[in-house]
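> Here's a sequence, model it:
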Amino acid sequence: MNKPKGFILQRGTSPIDGNPFVVIMTMSTTNRKTGDMIQVWILRDDVNPVAAVATGEDISVCGDCPHRKQPDGTRSCYVNVGQAPNSIWKAYKRGSYGKLSDLTPEMLQGRKIRWGAYGDPALISPTLFTTINEHSVGHTAYTHQWRAPFAQWARGAMQASCDGLQDYLEASAHGWKTFRVTPKGEQGSHGKQCPATVENSQAQCATCALCEGDKADIWVEAHGTGARYVNQI
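The predicted model follows:
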């Protein structure tokens, strides 16, 4: 039997609105910026991600993230849900992924994990997150829910996703390391630029350890198809 290309890590009920979500780990990627990291996706269990964005039901897994689709139809999130998230959700519904019990420590050894390739990883079980990380060589993780009571366990393990100086100052005051998005064409005034986005850099998330939640404040220029909608707050 072939090894599964992914694993269902968790099914749960969103603390944001009470709707069901699923956490899926996929073992390979062609993402140039991240490099060959294990990817973890947080999706609505019962709604296709494309439909969830269209109807606003993505709030279950994205919370109050300002990059969600707005009333005027604009959306600044860099993730195209019609691509990988949609394919992964469909594969999940076809029964293509293994169970958590099929995932072995050997599969994680020597690998880094990208928690939240889509969706907010603060929804994930703290025990699950910590235990899996113990078998990897590092991780990246970002949460827009850093103000929420349910997400406080993630301080020190995830970057607080910030959108403007006020967010940065508030998150820093509460002990979070931050990841701040600046409008396209503008540089951040605090912290370090994401090394993987520096011009002519060969750095990748897989070779960097700055976004593990306890090391540095990082900023990145808005990117992706929605970058033009990112405004400084």
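
> show me what contacts the spatially most central residue of the chain?
Against the mean C-alpha coordinate of the chain, by CA atoms, centre = their mean, the closest residue is residue 116 at 2.4 Å. For residue 116, the residues meeting the contact criterion (CB atoms under 8 Å, 6 or more residues apart in numbering) are 40, 42, 141, 142, 143. C-beta here means a position set from N, CA and C on the backbone, and glycine is covered the same way.

> for this structure, what spans make up the strands?
Defined through DSSP state E, the strands belonging to the chain, from first to last, are 6-13, 20-26, 38-44, 98-99, 112-118, 138-143, 159-162, 178-182, 192-193, 218-221.

> Please identify the one among these that comes closest to residue 91.
Nearest to residue 91, of all these, is strand 6-13, at 7.3 Å by CB to CB.

> helices or strands next to that closest one in the packing?
Counting contacts by 3 or more CB pairs under 8 Å, 6 or more residues apart in numbering; DSSP states H and E, strand 6-13 packs against strand 20-26, helix 84-93, strand 98-99, helix 126-133.

> tell me the most buried of these?
Mean neighbour counts were taken over those using mean count of other CB atoms under 10 Å, and the top value, a mean of 22, falls to strand 20-26.

> Tell me how far residue 20 lies from residue 37.
Distance of residue 20 to residue 37, computed by CB to CB, to the nearest Å: 26 Å.

> Which residue, other than its chain neighbours, is closest to residue 91?
Residue nearest to residue 91 in three dimensions, not counting chain neighbours: residue 97, with 6.6 Å by CB to CB, 6 or more residues apart in numbering.
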